[in-house]
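Engineer: sequence and predicted structure, then a few things I'm wondering about:
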Amino acid sequence: MKGPLSKVLTIFWKDILLEIRTKEVVTSILVFALLVLVIFNFAFEPETATMSLVAPGILWVAFTFAGVLGLNRVFALERENSRLAGLLLCPVDHMAIYWGKLLGSFTFMLAIEIVVTPIFLVLLNLSLFLPRLILIIVLATLGFTSVGTLFSALAINIRARDIMLPILFLPIVVPVIIAAVEATAVVLQGGPWGDMLTWLQIMIAFDIIYLVVATLVFQYVVEG
């Protein structure tokens with residue numbers, strides 16, 4: 001177990017170091033997500049009843065489109081100078097490559113959400129202490145990045161990948177996004193755990209399905 005885990009962490013750490021040096025992914029995603037929140041904040045008055053209804057959708061629109069922007073870069077850098085081919089030639093199982101990339105994508109997106117979510121709550125005059133919202137974000141982000149990493153590898157050889165990635169990816173991840181929006185609405189409206197339990201179960205189920213399927217087919221995607 002130590003061998004595969006160390007390889008996964010090595011690939012993950014490589015992506016982290018590259019991002020620390022270039023700051024390309026996190027900076028672009030953060031600016032885009034904040035821009036979406038600011039635009040919607042001017043479109044709806046925070047004190048109105050309408051805002052409380054659309055707020056969950058606003059938050060996840062920001063996360064979703066910012067996440068797609070980040071996923072476009074997951075394997076784009078590996079394409080330069082045939083880095084992906086070199087990575088595939090290394091004595092590393094394809095499963096380790098997928099999980100290393102997944103951890104990197106998950107970390108980048110979670111870092112953005114840690115910054116954006118408090119700003120979103122402040123703009124809506126909501127409490128900053130919402131532990132249930134943290135659980136929702138973690139589960140939804142895991143499902144989003146697990147299938148997103150796979151489709152990012154699939155789209156790497158497509159010329160119009162910036163367009164094709166969201167077209168291919170978003171229909172698949174819609175169940176997780178819908179469940180996240182509904183569960184977030186329960187939290188922001190102060191509803192009980194029971195009202196969001198079904199949505200949490202949906203996210204957990206799809207997270208497991210995405211992780212298993214993506215792990216199994218990743219090899220065929222990168223070698224196709």
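Structural biologist: Arrived safely, thanks for sending.
Engineer: what is the burial count for Leu17?
Structural biologist: Residues contacting Leu17 under the criterion other Cβ atoms under 10 Å number 10. C-beta coordinates here come from the backbone N, C-alpha and C atoms, glycine included.
Engineer: report pLDDT for it.
Structural biologist: Note for Leu17: predicted pLDDT of 84.
Engineer: got the contact list for it?
Structural biologist: Listed by Cβ atoms under 8 Å, 6 or more residues apart in numbering, Leu17 has no contact partners.
Engineer: and it, which of the three is it?
Structural biologist: Put simply, Leu17 is helix when judged by DSSP: H, G, I helix; E, B strand; the rest coil.
Engineer: quick one: it and Pro56, what's the gap?
Structural biologist: 35 Å (Cβ to Cβ, to the nearest Å).
Engineer: same check, this time on Phe12
Structural biologist: In terms of Cβ to Cβ, Phe12 sits 31 Å off from Pro56.
Engineer: equivalent analysis for Ala180, please.
Structural biologist: Ala180 sits 8 Å away from Pro56 when distances are taken as Cβ to Cβ.
Engineer: same check on Glu182?
Structural biologist: The spacing between Glu182 and Pro56, counted by Cβ to Cβ, is 8 Å.
Engineer: which one's more surrounded, those two?
Structural biologist: The residue with more neighbours, out of Glu182 and Pro56, is Pro56; 21 against 17, by other Cβ under 10 Å.
Engineer: lowest-confidence helix or strand of this protein?
Structural biologist: Lowest mean confidence among the helices and strands of the chain (mean pLDDT, DSSP states H and E): helix 83-89, at a mean of 65.
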